[in-house]
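S.K.: Next come a sequence and a model predicted from it.
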Amino acid sequence: MKNRLFILILAVISVKATCNYSFRDVSIPTEVKTVRVNYIDNRARYINPQLSPQLTDKLRQKIISQTRLTIINSDEADYDVSGWVSDFSVNTSGISGNQVSSNNLNITVHLIFKNRLNAKKDFETDITRNFPFPGTMNFTDAQNSLMEEILKNMSEDIFNKIFSDW
């Protein structure tokens, strides 16, 4: 009985050790040392005053914690990240009977990336995410309840667009 238990534990540990795979593939050339993350302004028709400062801060924190780059506030940074929130809106995504059953909070960030060491790597793109919420929830409550998820997902999408080579 003890042998079977030992073999089972050993098998579980072995499988767990060999199945550890990470999807994060940060690709930063060794000559890149610094990055500037400019304030992500909110230019959407509806402005949530918390979104821009919190998203900018979340992106900076992610870069600090997951790269070797130093964040600086200089035009001399190797990478320069800027952009703005271009859409912050709600649309109905589901109707049941004559009632709204679900909505989406839509967020788009227009991202501008400049690589001062290799201008061929510069790009501009829009990053869009939809965050569903129940039709029974009002817009203000939805924003508040979704803010943590919004910040996490949007900062990850921006980070991945800049640093992942896939």
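M.R.: Everything's here; your move.

S.K.: hang on, isn't Q50 packed against M147?
M.R.: Yes. Applying CB atoms under 8 Å as the test, Q50 and M147 come out as touching, 6.7 Å apart. Every C-beta, even on glycine, is put in place using the N, C-alpha and C of the backbone.

S.K.: Tell me how many other residues crowd E124.
M.R.: 11 (other CB atoms under 10 Å).

S.K.: Not counting residues beside it along the chain, what's closest to it?
M.R.: I112 (5.1 Å; CB to CB, 6 or more residues apart in numbering).

S.K.: ditto for D80
M.R.: Nearest non-adjacent residue to D80, counting by CB to CB, 6+ apart: K114, 4.1 Å away.

S.K.: Surely the one you found is in a helix?
M.R.: No. Using DSSP: H, G, I helix; E, B strand; the rest coil, the assignment for K114 is strand, not a helix.

S.K.: What about it, how many residues nearby?
M.R.: Using other CB under 10 Å, K114 has 16 other residues around it.

S.K.: Give me the buried stretch members for the longest helix along the chain, please.
M.R.: Longest helix in the chain by number of residues (criterion: DSSP state H): helix 139-163. Buried positions in helix 139-163, judged by neighbour count with 16 or more other CB atoms under 10 Å: 142-143, 146-147, 150-151, 154-160, 162-163.
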